[in-house]
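[1] one predicted model, sequence on top.
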Amino acid sequence: MKEFEVYSSLKVPKNSKIIIRLDGRSFHKLAKDLNLVKPYDDNFYDVMSKVCHDLFEEFSAEFVYCFSDEISLLLNNVPFEGRVEKINSVIASFTASSFVMHYGGEFKKPPAFDSRIIPISDEDILGYFKWRQDESWRNCVNSHGISFLKSKYSNAEANDKINGMNLSDIHELLFENGINLNDVETYKKRGIAIYRKNKKIVGFNKKENKNQTSYRSFIYIDWELPIFNEKFFKEVKVIE
Ligand SMILES: Nc1nc2c(ncn2[C@@H]2O[C@H](COP(=O)(O)OP(=O)(O)O)[C@@H](O)[C@H]2O)c(=O)[nH]1
Ligand SMILES: [Mg+2]
């Protein structure tokens, strides 16, 4: 009967890094059910950062980027011998379980994430994360815009109005009404990232009778990201 498992041999290309992108399923509904603060809920972001930390650790990621209900996980060491079904199903379910564990509240429905695999070459890593960070910024402008409009108009009118506006129109409207998006917290504009950082450790070497410096890496959650550029990705050692 094994021959019926026709997708089980599907594998990611050998020697390729991969990005796994996860996205919360119907999280607009979940946000409503959980009464999340609009447009940005600090506790939700705190939970998502813990989910990213779990993913980083469990799958020995190189870099994780997250905004809203979306997570991108860069893996150098491809797990499960590259088997697509296994990677997508295990990582998506791990993410959902981690979310439920850290959120800890009462859910109306079991949360789920979808997962997709993107083989990526070193040259394209920066472009990929810039693309997602641009989306984070669009999301920031739009969600502040719609929240503001809904405070003035009916939901239908607010939706109508925002559909006819581009990013700079929304920015302008918010500015005229005393909301300066430049002053909004960095993570709301640029998302958050997880990567390894080195910690300097000075210890005393008894044998040689002198202080000795060594470095130990630890997992760092960056809430103050720059606009992604080559320098940043070189510093965090994601590209050479
Ligand atoms: N209130 C609130 N909602 C959020 C927050 N972060 C994400 N969301 C919701 O999650 C949705 C994620 O977008 P998307 O994946 O396109 O929609 P989905 O298909 O419903 O998951 C947003 O549209 C919001 O409704 C937050 O911090 N606060
Ligand atoms: Mg979603």
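    That came in fine, so what should we check first? Residues are numbered from 1 along each chain as shown. Ligands and ions are numbered 1, 2, ... in the order given.

[2] what residues does this structure have near ligand 2?
    Remark: the part of the chain in contact with ligand 2 comprises 23-24, 27, 69, using CB under 5 Å from the ion. Any C-beta I mention is one placed from the backbone N, CA and C, and that applies to glycine too.

[3] ok, which pair from those is furthest apart?
    With distances taken as CB to CB, the most widely separated pair in the residues of the chain next to ligand 2 is 23 and 27, at 8.1 Å.

[4] so what sits against both of the two?
    Overlap between the contact sets of residue 23 and residue 27, as judged by CB atoms under 8 Å, 6 or more residues apart in numbering, is given by residue 69.

[5] most neighbours out of the residues of the chain next to ligand 2, which is it?
    The most neighbours of any of these, using other CB atoms under 10 Å, belong to residue 24, which has 21 neighbours.

[6] so which of the residues of the chain next to ligand 2 sit within strands?
    Secondary structure of the residues of the chain next to ligand 2 is defined by DSSP state E; positions in strands are 23-24.

[7] distance to residue 138 and pLDDT for the residues of the chain next to ligand 2 - can I get that in a markdown table?
    Listed next are the residues of the chain next to ligand 2 as a markdown table, based on distance: CB to CB, whole Å; pLDDT from 0 to 100:
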| residue | distance to residue 138 | pLDDT |
| --- | --- | --- |
| 23 | 15 | 98 |
| 24 | 17 | 98 |
| 27 | 17 | 98 |
| 69 | 15 | 98 |
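
[8] quick check, nearest of the residues of the chain next to ligand 2 to residue 205?
    Set against residue 205, the nearest of those by CB to CB is residue 69 (48.7 Å).

[9] what about residue 115, helix or strand, and which?
    strand 113-120 (DSSP states H and E).

[10] list the contacts for the most centrally placed residue in the chain?
    Residue closest to the average C-alpha location in the chain (CA atoms, centre = their mean): residue 66, at 1.2 Å. Shown here is residue 66, whose contacts under the criterion CB under 8 Å, 6+ apart are 48-49, 51-52, 72, 191-194.
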